[in-house]
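1. what's the 3D shape of this:
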Amino acid sequence: MSAAPTEPKTATGTPPEAEMPGAGPAPAGRLAVVGLGPGPDAWLTGEAADEIAAATDLVGYLPYVARCPERPGQVRHASDNRVEINRARQAIALARAGRRVAVVSGGDPGVFAMAAAVVEAIGTDPQPADYDFAVLPGVSAMQAAAARLGAALGGDFCAISLSDNLKPWSVVEKRLVAAATGDFAMAFYNPASKARPDGIHAAFAVLRRLKAGTTPVAFARAVGRPDEAMVVTTLAEAEPARADMATLVLVGSSQTRLVTGPGGRTLLLTPRSVEAER
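-> As a prediction, this is how the structure comes out:
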């Protein structure tokens, strides 16, 4: 008798029907957008540290790439601050080529940072996203500043970027008015730069028309770094020129108040509770 015909095998040695339906090749590479936190290594999450250590390529704004330890064999792609979309496309190309890419971003990458640019680039990419993708959160600048001050964002709050590089100033002003009339506590990102010295002054002019002069205001500069500086004042007495790109500005709601903490330390409290209007 002749031997029964053998069943055809796949490259893995299993019958074709045993393979999982829809199974395909593993992703070509990995693209992770990683939040570094606002400064000290202690504020870098373990997940983020592991992702950076495992990356074959680091992509990011030069100062953020410089914050990551150099590792043998790891390629660093540092670039200027105003090329976010180009940076995102470069990271996608590297991941598609089979590299493990970490796009490093200060603070939390989803707050006025690189996650938006990368997701936008993915959405406009004509090629399929044949790579693994993740966004790894980090401690945001507003979280760090609010923590230093106690509970400045303990109630309802909003975050507004004062930069008009990607949106017209009329939009910024409209949002400031909405936040002030809605009585939100506010966190201002990108308050001023050498190219945009006047925006913070215009923002305070809007707020001074709509909010009480006694509203607490804090300028939190370089939080967590050796040159950290915290100034707590009022809306009426605040000096907008104090802010630069390393400053996070916090403006209280009508409920925000000063609290004297241990050792006479000044704390800010925006309570969670609000009494009903009568």
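2. Next one: P5, what pLDDT does it get?
-> pLDDT recorded at P5 is 46.
3. Domain map for the protein?
-> 26-139, 142-269 (automatic domain parsing).
4. show me where this structure has strands.
-> 30-35, 57-61, 75-79, 100-105, 132-136, 150-151, 157-161, 185-189, 216-221, 229-234, 247-251, 257-260, 266-269 (DSSP state E).
5. Quick check: which of those strands is nearest to G46?
-> Nearest to G46 among those is strand 132-136 (10.3 Å), distances taken as CB to CB. (Glycine included, C-beta is placed from N, CA and C.)
6. could you list every residue that touches the closest residue in space to G138 that isn't next to it in sequence?
-> Closest residue to G138 apart from its sequence neighbours, by CB to CB, 6 or more residues apart in numbering: G35 at 2.1 Å. G35 sits next to 45, 48, 105-110, 113, 136-140 when contact means CB atoms under 8 Å, 6 or more residues apart in numbering.
7. Name whatever forms a beta bridge with G35.
-> Beta-bridge partners for G35, by DSSP bridges, are S105.
8. returning to that earlier point: show me which pair in the contacts of G35 is furthest apart.
-> Across these (CB to CB), the longest gap, 15.0 Å, separates T45 and A113.
9. the more surrounded of these two?
-> The neighbour count for T45 versus A113, taken as other CB atoms under 10 Å, is higher for A113 (26 against 16).
10. ok, now which ones touch the closest residue to L176 other than its chain neighbours?
-> In this structure, L176 finds its nearest non-sequential neighbour in V206, 4.8 Å apart by CB to CB, 6+ apart. Counting by CB under 8 Å, 6+ apart, V206 touches E173, L176, V177, A180.
11. close enough to count as contact, the third one and A205?
-> The reference is to V177. No: between V177 and A205 there is no contact under CB atoms under 8 Å: 11.6 Å.
12. Look up the closest residue to D156, ignoring the ones flanking it.
-> Per CB to CB, 6+ apart, closest to D156 is F184, 5.5 Å.
13. What distance do you get for the one you found to R82?
-> Using CB to CB, to the nearest Å, F184 is found at 29 Å from R82.
14. For the stretch 151-278 of the chain, just list every one of the helices.
-> For the stretch 151-278 of the chain, the helices defined by DSSP state H, counting those that start in this stretch occupy 169-181, 199-210.
15. for the stretch 1-150 of the chain, that is, sorry about that
-> 46-54, 62-66, 84-96, 114-124, 141-148.
16. helices and strands around the longest one, which ones?
-> The contact analysis (3 or more CB pairs under 8 Å, 6 or more residues apart in numbering; DSSP states H and E) places helix 84-96 against strand 30-35, strand 57-61, strand 75-79, strand 100-105, helix 114-124.
17. Would you format the ones you listed as JSON lines with distance to A243 and mean pLDDT included?
-> Shown next, in JSON lines, are the helices and strands packed on helix 84-96 (distance: least, CB to CB, whole Å; pLDDT from 0 to 100):
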{"stretch": "strand 30-35", "distance to A243": "23", "mean pLDDT": "98"}
{"stretch": "strand 57-61", "distance to A243": "20", "mean pLDDT": "97"}
{"stretch": "strand 75-79", "distance to A243": "26", "mean pLDDT": "96"}
{"stretch": "strand 100-105", "distance to A243": "21", "mean pLDDT": "98"}
{"stretch": "helix 114-124", "distance to A243": "23", "mean pLDDT": "97"}
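18. This completes my enquiry, with thanks.
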